[in-house]
Structures are given as C-alpha cells and as structure tokens.
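1. turn this into a structure:
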Amino acid sequence: MTILVTRPEPAASELVARLRSQGKLAWSFPLIEFTPGRDLPQLPLKLAALQPGDLVFLLSQQVVHFAQPALQQQRSAWPAFLDYYAIGRSTALALHTVSNLKVDYPHARETSEELVRLNRLQQVSGKRALILRGSPGRELLAETLIARGADVQYCECYQRCEKQYDGAIEGRRWRDRGITTLVVTSGEMLQQLFALFPPIDRREWLLHCRLLVVSERLATQAAELGWQEIEVADGADNDALLRALR
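-> Next up is the predicted model:
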C-alpha cells in the first residue's frame, strides 16, 4: 500500500509522518490551501450582537486557526453566554483549547448531516445562529436551521484556494511512485483530483486506486465518478484516517 494524502497542510504532512513512522510509504499532495476570510474583521461585532442562548457553529478547525488571532487583535474573546457547536471532535477541541468553553459536536461522523441530528438542535425556533465557515461551503446546516425557525447568519472566516499543478507531470510522478491508495476529505477536493489528471491517467491508474473518504456522501460522489474500491473512515481527523489505513 502506497498512500497519497490530498488534504491541506499541515494535516497532510502530519498524517504522512505518522504513516511513515509505521513503515508505510506515503506522500502529501495538498490540493487546497487556506487564506483569511473576508468577514474576519466583523467577527467580534457579529458575536457581540448575539443574545444568551444563541448558537455559534464552527465548521472546521481552520475557523479557529483564523478566528482566534482576529479576536485577539481586536481585544475580543469568545462570549461565554453562547451555545457552541462544532462539526466534529477535532474542531471542538481546537475551540475549547483557546476558550475553555463547552463545545457540543456529533460523535458519529464529522458531517453536517450528523450535526443537525443533535438533540439540542431540534428546537431552535426564535434563536439566532452564526455559522463560522470557509468559502465556498455547504448549505445543509443553514437550510435545516432556517426550516426549524432559526435566524441564520454567516461569517466567512477563511477561503479555500485551489493549488495549481500540472496534471500530466503529477500523473507521471505518482504513477512512478506506485500510488495505490488515495486519501480525500472533501467533495471539492475529490472533483479537483478527478479533473487534474489527463483521461489516460484516470483510466489506467487513478480510478483503480483504493479511495479513502470521510462520509457516505463522498463515497457516493466517488462512485459516480468511477471509483470502485471506496472505504469510508469513521471520522475526518488524522486519528480516524490512520485507523482506516492500518
């Protein structure tokens, strides 16, 4: 098993290092990188405008990475009177580490589908909800909260930027290294990976690789693109990916 990890840095290199420490052949090939979001300067005001018991959602660890310095720069902090929710354990831990606040999160999988199933989110009528995310982002969470009667606002804390590669060169590189397993953690990156390589590389190599994804939604998307050997990890963090790659 020779593994190509396509998730962004630093998570990609961290996972590769752990895989190599176990004697596996692995390389990082990040498909996207992050830059500060357009709404970061307004974050302190958006948080301050919320009332006790209102809801704040963090949809990735990158939210904390960019939001915490922005709050500190304006001598602000995460209000303790709000209810905080994270997409998964790693994001919840990141916020708790910098704020010491309680953060609720789904324990099954790190997806919006699991997040909206939390018992505490079934009755949100009349509450305001602030969703901290990257751009672009999925709309499932907002649509569900609105349908349940919440007033939803967004705050773009970071932007995803596609990294540019020469598909023909990269196809030769990874085929020469014998890559047989691909790790992909978002639908955006899955589409990008599929589109990057010339058709001959897709037919002869890419679609024959074992594909490790982080949700059933991604598995369905991958099958529609032509992958046949698809496995779903039990989470999106590196610990869950490592368990799946053993």
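
2. going by C-alpha atoms from here, please, whenever you check contacts or count neighbours.
-> Fine.

3. where's the most centrally placed residue in the chain relative to Gly88, distance?
-> Closest to where the C-alpha atoms of the chain average out (C-alpha atoms, centre = their mean) is Ser60, at 5.3 Å. Distance of Ser60 to Gly88, computed by C-alpha to C-alpha, to the nearest Å: 8 Å.

4. Ala70 now?
-> Counting by C-alpha to C-alpha - Ala70 and Gly88 are separated by 22 Å.

5. secondary structure class for the spatially closest residue to Asp39 that is not a sequence neighbour?
-> Spatially, and ignoring its direct neighbours in sequence, Asp39 is nearest to Glu156 (5.1 Å; C-alpha to C-alpha, 6 or more residues apart in numbering). With DSSP: H, G, I helix; E, B strand; the rest coil as the basis, Glu156 sits in strand.

6. give the contact list for Glu156.
-> Gly37, Arg38, Asp39, Leu40, Leu132, Arg133, Gly134, Ser135 (C-alpha atoms under 8 Å, 6 or more residues apart in numbering).

7. again, but for Thr181
-> Met1, Thr2, Ile3, Leu4, Cys209, Arg210, Leu211, Leu212.

8. could you dump those residues to a markdown table with secondary structure?
-> As requested, the contacts of Thr181 are exported to a markdown table (three-state DSSP):
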| residue | secondary structure |
| --- | --- |
| Met1 | coil |
| Thr2 | strand |
| Ile3 | strand |
| Leu4 | strand |
| Cys209 | coil |
| Arg210 | strand |
| Leu211 | strand |
| Leu212 | strand |
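
9. looking at the chain, which helix or strand is least sure?
-> Least confident helix or strand of the chain, by mean pLDDT, DSSP states H and E, is helix 112-115 with a mean of 90.

10. contacts for that one, please.
-> For helix 112-115, contacts defined as C-alpha under 8 Å, 6+ apart pick out Ala86, Ile87, Tyr105, Pro106, Ala108, Leu140, Leu141.

11. counting neighbours, go ahead and name the busier of Ala70 and Gly88.
-> Between Ala70 and Gly88, Gly88 has the larger neighbour count (other C-alpha atoms under 10 Å), namely 27 against 20.
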